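Asker: Return a 3D structure for these sequence lines:
(one chain, ligands or ions: 1)
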Amino acid sequence: MQLNETHEPTLTSWVESANGGQSDFPIQNLPFAVFRRRGTQEPWRGGVAIGDQIVDMAAAVKAGLFAGDALPAAQAAAESTLNHLMGMGPLPLSRLRAALSKALRAGSAQEATLKACLVPQSQAEYALPARIGDYTDFYTSVHHATNIGKQFRPDNPLLPNYKWVPIGYHGRSSSIVISGQAFKRPKGQVKAPDADTPQVKPSARMDIELEMGIFVGQGNDLGDAIPIEQAESHIFGLVLFNDWSSRDIQPWEYQPLGPFLSKNFASTISPWIVTMEALAPFRAAFGHPEGDPQPLPYLSSPENSAAGSLDIQLEALIETPRMREAKAEAARISLTNYRHAYWTAAQMVAHHTVNGCNLQPGDLLGTGTLSGPTLDQACALIELTSGGKNPIQLPNGESRAWLEDGDTVILRGWCEKPGTARIGFGECVGTVLPAN
Ligand code: MN
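Answerer: Next up is the predicted model:
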């Protein structure tokens, strides 16, 4: 994905809140969501974020703002899910981005017409941006895999396949929810190490997993692999992803087939999908550490080595009920970067399809917990608290080994580097409710 005039850092918008470097959504970002005005029965439709506003794509298409080669993608972006837009592939999407960039630019002749199509984000509610047919979760942080492995298998933390094969499992899409939704603490079978029999009870070890979610764009036919050179043209864009996990249900159930009910009760995504084109300025070189096996040929390409990683800063914050009552700011519990991942997004797509498995527009791939190399970059409580043994201390004197009822977790992500416009992902927010 090449840089073009839509990435030009000096571009400003007539939507003033998009300018000045503070907003996650300057004119260089232009992410997609599905929204409506909160508290109404309006139809869900696609929107594009600009500053603190949303371009209502249904209204903009109706107002005749798009013509020529930008029109097909604009019409797809106005639908109640973005699956059709995702399935069109990168070229129509890029044409729509170019048209939106021109229309939102300071001095645009379309300002008056487009201004009537804006909805303030403060008045919006969001839906899942796509019908997510399938959800696959990977395990692409070698630091996370090693930290977890130490707790489950102290003598053998990193299994020998890890450095050869991008590990993943098939998750469940029906319980993926949009940011802002609360969910009930799961119940399940838990077996204490010294007990003879398991008990069914509310999970006492509720955890987060700070991940990125990758929305698949155009799919592939069953039986056809996607070569790594083409893998990124099958990716629509990225969201923040909290893959909530129960660490007391997991160890009892996960052998031999992997996680099941410890993972599929809820996963939360942020509403705004940042496109691969918007992320183009933030590419980073990829490579395995010296001495590690080099990726097999189907997982390797010159482009993937030169720029397969993404420089995205990520943080997780917690807001306890006491903090909320005191109107205290949420406390950061982790700060990391997606570029620490051991496998890239392109490698995930190439590996997922090497056997002919068909991906479909709107499928979601989780990166796995994106822990970095040091403890303050760990992205799950099981790592941050050493399996609950060392609770984290919060600024108001509270501590947490695991999440308690009423706790809210907020994920944020952003990209910044000199000579480019800073872009962000907004927030991914979820709250744990008491079990039934
Ligand atoms: Mn996960």
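Asker: Send over stretch 308-328 as CSV, restricted to the C-alpha atoms.
Answerer: The C-alpha trace of stretch 308-328 is given here as CSV (Å, rounded to 0.1, in the frame of the first residue of the first chain):
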residue,chain,number,x,y,z
GLY,A,308,5.0,-6.4,7.4
SER,A,309,4.7,-5.1,10.9
LEU,A,310,2.6,-2.2,12.1
ASP,A,311,3.8,0.4,14.6
ILE,A,312,0.6,0.8,16.7
GLN,A,313,0.8,1.8,20.3
LEU,A,314,-1.7,0.1,22.6
GLU,A,315,-2.8,0.7,26.1
ALA,A,316,-5.2,-0.9,28.6
LEU,A,317,-6.8,1.0,31.5
ILE,A,318,-9.1,0.0,34.3
GLU,A,319,-11.9,1.9,36.0
THR,A,320,-13.2,0.3,39.1
PRO,A,321,-16.7,1.2,40.6
ARG,A,322,-14.9,3.2,43.3
MET,A,323,-12.9,5.2,40.7
ARG,A,324,-16.1,5.8,38.8
GLU,A,325,-17.9,7.1,41.9
ALA,A,326,-15.0,9.4,42.7
LYS,A,327,-14.9,10.6,39.1
ALA,A,328,-11.2,9.6,39.1
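Asker: Now that stretch: buried residues?
Answerer: 308-310, 312-320, 323 (16 or more other C-beta atoms under 10 Å). C-betas here are computed from N, CA, C, even on glycine.
Asker: Please flag which of the residues you listed sit within strands.
Answerer: Members of the buried residues of stretch 308-328 lying in strands (criterion: DSSP state E): 309-310, 313-319.
Asker: Let's have the buried residues of stretch 308-328 in a markdown table, adding distance to the ion and pLDDT.
Answerer: Shown next, in a markdown table, are the buried residues of stretch 308-328 (distance: C-beta to the ion, whole Å; pLDDT from 0 to 100):
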| residue | distance to the ion | pLDDT |
| --- | --- | --- |
| 308 | 21 | 98 |
| 309 | 19 | 98 |
| 310 | 18 | 98 |
| 312 | 17 | 98 |
| 313 | 20 | 98 |
| 314 | 14 | 98 |
| 315 | 17 | 98 |
| 316 | 13 | 98 |
| 317 | 19 | 98 |
| 318 | 18 | 98 |
| 319 | 22 | 98 |
| 320 | 23 | 98 |
| 323 | 26 | 98 |
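Asker: Closest to residue 230 out of these?
Answerer: Proximity to residue 230 was ranked across these by C-beta to C-beta; first place goes to residue 308, at 13.4 Å.
Asker: and the protein, which residues reach the ion?
Answerer: Contact residues, the chain versus the ion (C-beta under 5 Å from the ion): 137, 209, 243.
Asker: who's in contact with residue 259?
Answerer: Neighbouring residues of residue 259 by C-beta atoms under 8 Å, 6 or more residues apart in numbering: 169, 245, 250, 253.
Asker: Let me know the closest of those residues to the ion.
Answerer: When those are compared for distance to the ion (C-beta to the ion), residue 245 wins out at 6.6 Å.
Asker: Next, count neighbours for the residue nearest to the closest one when sequence neighbours are not counted.
Answerer: Spatial nearest neighbour of residue 245, excluding adjacent residues (C-beta to C-beta, 6 or more residues apart in numbering): residue 207 at 4.7 Å. Look at residue 207: counted by other C-beta atoms under 10 Å, it has 24 neighbours.
Asker: Which pLDDT value does the model give residue 207?
Answerer: The per-residue pLDDT reported for residue 207 equals 98.
Asker: Tell me where the stretch 201-350 of the chain has helices.
Answerer: Using DSSP state H, counting those that start in this stretch, the helices of the stretch 201-350 of the chain run over 250-253, 302-307, 321-325, 345-353.
Asker: With distance to residue 366 as added columns, please give these in TSV.
Answerer: Supplementary listing: the helices of the stretch 201-350 of the chain in TSV, determined by distance: least, C-beta to C-beta, whole Å:
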stretch	distance to residue 366
helix 250-253	16
helix 302-307	20
helix 321-325	28
helix 345-353	9
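Asker: looking at these, which is buried most?
Answerer: Mean neighbour counts were taken over the helices of the stretch 201-350 of the chain using mean count of other C-beta atoms under 10 Å, and the top value, a mean of 25, falls to helix 345-353.
Asker: Give me the helices and strands touching that helix, please.
Answerer: Counting contacts by 3 or more C-beta pairs under 8 Å, 6 or more residues apart in numbering; DSSP states H and E, helix 345-353 packs against strand 168-170, strand 210-216, strand 235-242, helix 302-307, strand 364-366.
Asker: could these go into CSV alongside mean pLDDT?
Answerer: Below are these laid out as CSV (pLDDT from 0 to 100):
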stretch, mean pLDDT
strand 168-170, 97
strand 210-216, 98
strand 235-242, 98
helix 302-307, 98
strand 364-366, 98
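Asker: And these: which comes nearest residue 200?
Answerer: Set against residue 200 and scored by C-beta to C-beta, the helices and strands packed on helix 345-353 come closest in strand 168-170, at 23.4 Å.
Asker: so what secondary structure elements neighbour that closest one?
Answerer: Right, strand 168-170 is packed against strand 135-138, helix 345-353 by 3+ C-beta pairs under 8 Å, 6+ apart.
Asker: Tabulate these (CSV), appending mean pLDDT.
Answerer: Formatted as CSV, the helices and strands packed on strand 168-170 follow (pLDDT from 0 to 100):
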stretch, mean pLDDT
strand 135-138, 98
helix 345-353, 98
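Asker: Make JSON lines out of those and add distance to residue 39.
Answerer: As requested, these are exported to JSON lines (distance: least, C-beta to C-beta, whole Å):
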{"stretch": "strand 135-138", "distance to residue 39": "29"}
{"stretch": "helix 345-353", "distance to residue 39": "37"}
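Asker: mind checking which of those is nearest residue 410?
Answerer: Closest among those, once you apply C-beta to C-beta, is strand 135-138, at 20.9 Å.
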